[in-house]
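**Student:** Everything below, folded, please.
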Amino acid sequence: MLVLSTAAYVILLYEMSTKLLNNIWIRRQQCPCGDWKCYIKHEGDDHTNGGSDLVKSDGATSSVSDVIFTPYVCQIFKTDDEAFEYYCNFARKNGFSIRKARSTESQNLGVYRRDFVCYRSGFNQPRKKANVEHPRDRKSVRCGCDAKMYLTKEIVDGVTQWYISQFSNIHNHELLEDDQVRLLPAYRKIQESDQDRIVLLTKAGFPVNRIVKVLELEKGVQPGQLPFIEKDVRNFVRTCKKTVQETDALLTEKKEIDMLALLEICRVTAQRDDGFVYNYTTDENGKVENFSWAYGDSIRAFSVFGDVVTFDTTYRSITYNMVLGAWFGIDNQGKPFLLGCLLLQDETSRSFSWALQTFIRFLRGNHPQTIITDLGSGLGDAIATELPNTKHVICIWHVMSKLSSWFSQSLGLQYPEFKSEFELVWHLENIEDFENQWSHLVARFGVDSDKHAALLYSYRASWAVAYVRGYFLARAMTIDYMKSIDKFMKNISSPNSSFKNFFEQVSVAANVAFQSKERIPYLPLKTCLPLEEHARNILSPYAFNTLQQELVLCMQYATTDMANGSYLVRHYNKLEGECLVIWIPDNEQVHCSCKEYEHSGILCRHSLRVLVLKNYFQIPEKYYPLRWRLDSSLVLSDDHIMQQDNNDEYYEAFNSLTSSIYSESLISKERFSYVHKELTQILEVVRNMPDFDETALDLAPNNVSEL
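**Tutor:** Predicted coordinates for the structure are as follows:
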């Protein structure tokens, strides 16, 4: 199996010569289309290094695109490196390149002089010819050019700076045009993204000349217009091969040691924590291959919050070429908590099947109702086999992050418009509308025969809103939730020297949600509806806040009685988007065509509008699922928090008082200054008071004396 490398892989090749190798984690870049030549560059994860094409922008320096003035004697720079970059940019714009020549140092000042000269400065010394029949006679490019810039270091008021002591821009050779100067060795840079493709194509057996042609086709440039030449590619390939050969044995040995250390620390953890479980597989040589573990607290939390699980496999270790997988649940505060972690050797259906089997075994045979993953054929096939009764949803945010790699190059300036229309099609709630608009979208932008468009369409039942609207997702597809998971993955995938350190870091992060104490935030009522007050006492703050927003909006909707318990509900000034709500009074059931409750477990504004119309004072108990209840929280609440009823009275008292103070203080500047000073002092006193006072709970707001 050919494993797709990444830009960071090339960095690794140069670092492998050291004895201590960091375990580098990066986003997976293998495209789910299955084409080994296709790779994904996630939006927002551009790690391309500009090399010497850019200079620092700290005031005295500028980028290549900025105006570079001719250097002059006594021009001052903060450092000699800053001066070199400035001169380098000047040289490139004027058709030549430079190199570092002599440097002079003293015992007191260290290096106090730097000489930068034209690349054609001086003359090559004659070399002793090799004892061969036909020695190579290379012509030197040096012709004694006198263009130069000499720097001298000085210390002024204790601050070190460099100034130009000599400068000459007189050349005795022809200066090059822009299309020629870019080919000088000093400016021929192979960027990391190009290095990645070169390594991949080399592994596939492509010769260097074909690699160059492939890169020209992918970038859409004419032959010979790449920022490097075939010779540079050949040298780079030779260096990579040599480095890989020298470090294969070291990597293999280090990986074995790290996996054994991970196995040992899991054994120790299992002895301390009865709930901790782990499992692994071995290859034909008895070496650890795949590894998975889960935590006792997480498994217990699954009994309440195990209806929706997110399986993140977007990161991999390029040091050991292993996939990092993490299982997440969503609690009643809308926050992710780690269920388990795993390391896989590859991304085949066989490996993912083992991962799913192990995860279900950890959960004592329980299956999630819905599983959310990235796009991938191997993972999709494994889920269909191992979890046939679980609904598979592909995270739309992972799909969106791939659009740029798939379509930006082929669509060019049309890509932003394509992306906007793609989002509109994704949001369509009717299957027939989706099918029609999708056909129109791919035809309009000419991607109806594109393999990636075909891939998306084949998986439409797992990512398009029209198809997944009836799936229960517990609000696990919101942007805030996905950002939290992404932040967690980035935190645990920082460079570590071993799997043992990685395991310890994951364990610390996993325990945060189960050990932190947080006060339950107070949410004031926004309507006069008894439904709202009743819901606040039952739902978690996160779920109540969502329901509260629906309650506020439901008052903007009108209802039309359609007989037989059916109501047509639509916004008072919108002609489209009406929903059909069916109310069954016998068993207090309410069903809406928008399927929001089936999707999130929280009633929609349309259903709430009908309940208000039917004079309901409380939402039926069946519409308070256990996962959204306040008493199901993973986070420990403060036992001394005031009751909500008392909070209402305090809120009203302080609201009235602060309103009066605000209006009175604005009458004059003197009043404002006095109120501001006194309130600042009061706030300081209150902050220094004890957090809890038993007598405080007995105070009623109407006992507060007036000022």
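**Student:** Assign a three-state SS to the most centrally placed residue in the chain, would you?
**Tutor:** Among the residues of the chain, the one closest to the centroid is Asp486, at 4.8 Å (Cα atoms, centre = their mean). Per DSSP: H, G, I helix; E, B strand; the rest coil, the local secondary structure of Asp486 is helix.
**Student:** And whichever helix or strand Val552 is part of, what does it pack against?
**Tutor:** Element membership of Val552 [criterion: DSSP states H and E] is helix 541-554. With contacts taken as 3 or more Cβ pairs under 8 Å, 6 or more residues apart in numbering; DSSP states H and E, helix 541-554 sits against helix 530-536, helix 605-613. Placement of C-beta: from N, CA and C, glycine included.
**Student:** contact partners of that helix?
**Tutor:** Helix 541-554 is touched from outside by 332-335, 475, 520-521, 523, 526-527, 529, 531-532, 535-536, 539, 600-606, 608-609, 612, 628-630, with contacts defined as Cβ atoms under 8 Å, 6 or more residues apart in numbering.
**Student:** Can I get the buried part of those as one ChimeraX selection?
**Tutor:** Selection command for ChimeraX covering only the buried members of these, criterion 16 or more other Cβ atoms under 10 Å:
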select :332,333,334,335,475,523,529,531,532,535,536,539,600,601,602,603,604,605,606,608,609,612,628,630
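**Student:** could you point out the longest helix in the protein?
**Tutor:** helix 230-272 (DSSP state H).
**Student:** Now render the helices and strands packed on helix 541-554 as TSV, adding distance to Asn89 and mean pLDDT.
**Tutor:** Formatted as TSV, the helices and strands packed on helix 541-554 follow (distance: least, Cβ to Cβ, whole Å; pLDDT from 0 to 100):
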stretch	distance to Asn89	mean pLDDT
helix 530-536	63	93
helix 605-613	59	95
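**Student:** Can I get those in CSV including distance to Leu657?
**Tutor:** What follows is the helices and strands packed on helix 541-554, written out as CSV (distance: least, Cβ to Cβ, whole Å):
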stretch, distance to Leu657
helix 530-536, 23
helix 605-613, 32
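**Student:** do you know how far the residue nearest to the centre of the chain is from Glu347?
**Tutor:** 20 Å (Cβ to Cβ, to the nearest Å).
**Student:** Domain map for the protein?
**Tutor:** For the chain, the TED database gives the domain ranges 75-123+141-182, 190-255, 273-392+482-517, 396-462, 530-632.
**Student:** Pick the most deeply packed of those.
**Tutor:** domain 273-392+482-517 (a mean of 19; mean count of other Cβ atoms under 10 Å).
**Student:** what about the domains of the chain, which gets the closest to Asp35?
**Tutor:** Closest approach to Asp35 among the domains of the chain (Cβ to Cβ): domain 396-462, 7.2 Å.
**Student:** correct me, but Ser103 touches Asp115?
**Tutor:** Yes: assessed by Cβ atoms under 8 Å, Ser103 is found in contact with Asp115 at 6.9 Å.
**Student:** picking up where we left off before, strands paired with the helix or strand following the helix holding Val552, and their directions?
**Tutor:** As assigned by DSSP H and E, the chain's next helix or strand after helix 541-554 is strand 557-561. Looking at strand 557-561 with DSSP bridges, its partner strands are strand 566-571 (antiparallel).
**Student:** quick one: contacts of the partner strand?
**Tutor:** 556-562, 577-583, 592, 606, 609-610, 613.
**Student:** what angle sits between it and helix 541-554?
**Tutor:** Interaxial angle of strand 566-571 relative to helix 541-554 (axes from the mean of the first three to the mean of the last three Cα atoms, to 10 degrees): 90 degrees.
**Student:** contacts for the helix or strand harbouring Val117?
**Tutor:** Here Val117 sits within strand 110-118, counting by DSSP H and E. Defining contact as Cβ under 8 Å, 6+ apart, one finds that strand 110-118 is touched by 80, 83-84, 87, 91, 96-106, 145-153, 162, 165, 171.
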